[in-house]
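Chemist: What follows is a protein structure lacking sequence information:
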């Protein structure tokens, strides 16, 4: 069975490796965008090693791209994260079916950044859903889905590690059915209504506001880790936060004020408590522990993060 795979992230790499491990599946082509991230580079390396043709698409409506997909004659088209909506004229070229792997429990968190928003919003669970492609975003009939627990220690990176094997389990079942029957199984329509969405993360979504409650600050940092830090400002410099820990402090102060200096790092006042800055990126230049940050910069009590 010929499979055309779209992928631009770690999930795409993971799915590609699993498909390549099954002899009766042939990856007839790979589709990326023009990003030069590590995951795409790894997929390109695998493609060259296996002599798999690939296309770097910036416009999925382009006639050259349509012709390239048609030439591959895919039985199944699989999207394992991609930056652009794939038009019906392209996904219907797959003889058996076209599916998308979406890292949330649909219909919740449809959209561009489903890794970020469930954690940023303090959710206790998310999920993995595989659905048939439609002309809309993430609204096709569900092939299979499963919930994933989000613990207080999880980041978007650790949640993805939970999601990857579940995504493959659901996809593998779908591919096996398609291979054995030559048909796609019937899907389950998604509920109709208003649901929480996962739009693109904007710059302002990454900036910490110290009057926020402690849990919101911690969740925002967790939601960005490891892909990027949350940002704050100190002495006119940009400071990235990769790990903060809630702590109880009896010292009063305005939000953003340094309350204590500890072995783990500076304690900073929040809207309803305080957090310890444990892993910090200083001035976009280097990572260091919170303790080394306060020592190196000679941080003083009652200084303020903005």
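Modeler: Sure thing, it's come through. What you see is a predicted model, and the numbers here were worked out from it, not measured in a lab.
Chemist: Please tell me the pLDDT value assigned to the residue positioned nearest the centre of the chain.
Modeler: Nearest to the mean C-alpha position of the chain, counting by CA atoms, centre = their mean, stands residue 115 at 3.6 Å. Looking at residue 115, its pLDDT reads 96.
Chemist: Domain ranges for this structure, per the record?
Modeler: 2-197, 203-296 (automatic domain parsing).
Chemist: could you dump those to a markdown table with distance to residue 306?
Modeler: For glycine as for every other residue, the C-beta is placed from the backbone atoms N, C-alpha and C. Formatted as a markdown table, these follow (distance: least, CB to CB, whole Å):
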| stretch | distance to residue 306 |
| --- | --- |
| domain 2-197 | 21 |
| domain 203-296 | 4 |
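Chemist: Quick check: nearest residue in space to the residue nearest to the centre of the chain, chain neighbours excluded?
Modeler: Take residue 115 and drop its neighbours on the chain: the residue closest to it by CB to CB, 6 or more residues apart in numbering is residue 156, 4.4 Å away.
Chemist: Then residue 304?
Modeler: residue 256 (4.7 Å).
Chemist: isn't the one you found right next to residue 302, touching?
Modeler: No. Counting by CB atoms under 8 Å, residue 256 stays clear of residue 302, with 10.7 Å between them.
Chemist: The two: who's more crowded?
Modeler: residue 256 (20 against 10; other CB atoms under 10 Å).
Chemist: Can you check which helix is longest in this structure?
Modeler: helix 156-181 (DSSP state H).
Chemist: Relative to the helix or strand following that one, what are the paired strands and their orientations?
Modeler: Downstream of helix 156-181, the first helix or strand assigned by DSSP states H and E is strand 197-198. Take DSSP bridges as the rule and strand 197-198 pairs in its sheet with strand 110-111 (parallel).
Chemist: For the strand it pairs with, what does the pLDDT average out to?
Modeler: 96.
Chemist: Show me what the next helix or strand after it is packed up against.
Modeler: Using DSSP H and E, the helix or strand that follows strand 110-111 in sequence is helix 117-120. When contacts are defined as 3 or more CB pairs under 8 Å, 6 or more residues apart in numbering; DSSP states H and E, helix 117-120 packs onto strand 125-132, helix 156-181, strand 197-198, helix 214-224.
Chemist: I'd like the ones you listed as CSV, with mean neighbour count appended.
Modeler: Shown next, in CSV, are the helices and strands packed on helix 117-120 (neighbours: other CB atoms under 10 Å):
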stretch, mean neighbour count
strand 125-132, 23
helix 156-181, 18
strand 197-198, 20
helix 214-224, 23
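Chemist: What separation is there between residue 84 and residue 78?
Modeler: With distances taken as CB to CB, to the nearest Å, residue 84 is found 15 Å from residue 78.
Chemist: Compare neighbour counts for those two and give me the winner.
Modeler: residue 78 (26 against 15).
Chemist: State whether the more buried one is indeed within a helix.
Modeler: No. Using DSSP: H, G, I helix; E, B strand; the rest coil, the assignment for residue 78 is strand, not a helix.
Chemist: ok, now which ones touch it?
Modeler: 3-6, 15, 19, 98-101, 171 (CB atoms under 8 Å, 6 or more residues apart in numbering).
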